[in-house]
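Asker: My questions are about this predicted structure, shown below with the sequence.
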Amino acid sequence: MDSVTDQDFGPAVGTENRTFDFTLLFEESILSILPWALLILYGPVYYYGFSAPKRKIKPDAVLLAKMVSPAVFCKRRVCKFNSSHSGS
C-alpha cells in the first residue's frame with residue numbers, strides 16, 4: 001500500500017505500524033460538512049412543523065359555554081359566600 005496523504009478520501013491504515021486514521025479530506029467532508037448539510041436541509045422542515053401547529057379544538061358555541069360557565073359558577077359561589085359571612 002502506498003503512503004496515504006491527507007488528499008486521499010476515506011479512512012486509512014498505515015502499513016508501517018498498522019495505525020488506523022481518518023484522512024483530512026474524509027474528516028472534513030463526512031464528519032463536518034455532511035451533518036451541517038443535513039441540518040440546513042432539514043431545519044426549515046422541522047421549524048415549519050412546529051411553528052404552525054394544527055388546532056385541536058374548533059371554536060364554536062359549546063366551547064364558549066364551556067369557558068364561560070366555570071367563571072360564572074365561581075363568581076356565584078364567591079358572591080354567595082360573601083353575603084352569608086358579611087352580616088356579623
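Answerer: Done, it's in.

Asker: shaky segments in this structure?
Answerer: 1-21, 85-88 (pLDDT under 70).

Asker: Can you show me the helices along it?
Answerer: Taking DSSP state H, the helices of the chain run over residues 24-28, 34-51, 61-85.

Asker: Give me the contacts around the longest one.
Answerer: By that I understand helix 61-85. Residues outside helix 61-85 that contact it (CB atoms under 8 Å, 6 or more residues apart in numbering) are Ile57. All C-beta spots, glycine's among them, are computed from the backbone N, C-alpha and C.

Asker: Distance from that helix to the middle of the chain?
Answerer: Distance, stretch centre to chain centre, for helix 61-85: 39 Å (CA atoms, centre = their mean, to the nearest Å).

Asker: do the second one as well
Answerer: The chain centroid and the centroid of helix 34-51 are separated by 10 Å under CA atoms, centre = their mean.

Asker: from the helices of the chain, which stretch is densest packed?
Answerer: Highest mean neighbour count among the helices of the chain (mean count of other CB atoms under 10 Å): helix 24-28, with a mean of 14.

Asker: Only alpha carbons, please: show it as CSV.
Answerer: C-alpha atoms of helix 24-28 as CSV (Å, rounded to 0.1, in the frame of the first residue of the first chain):
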residue,chain,number,x,y,z
LEU,A,24,-8.2,15.1,6.5
LEU,A,25,-10.4,15.1,3.4
PHE,A,26,-12.6,12.4,4.8
GLU,A,27,-12.9,14.2,8.2
GLU,A,28,-13.9,17.5,6.5
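
Asker: Now do that helix: which elements does it pack against?
Answerer: Counting contacts by 3 or more CB pairs under 8 Å, 6 or more residues apart in numbering; DSSP states H and E, helix 24-28 packs against no other helix or strand.

Asker: And Ser51, how far from Ile57?
Answerer: Here the criterion is CB to CB, to the nearest Å. By it, Ser51 lies 19 Å from Ile57.

Asker: do Phe81 as well
Answerer: 32 Å.

Asker: For Thr23, the count of nearby residues, please.
Answerer: By the measure other CB atoms under 10 Å, the count of residues near Thr23 is 17.
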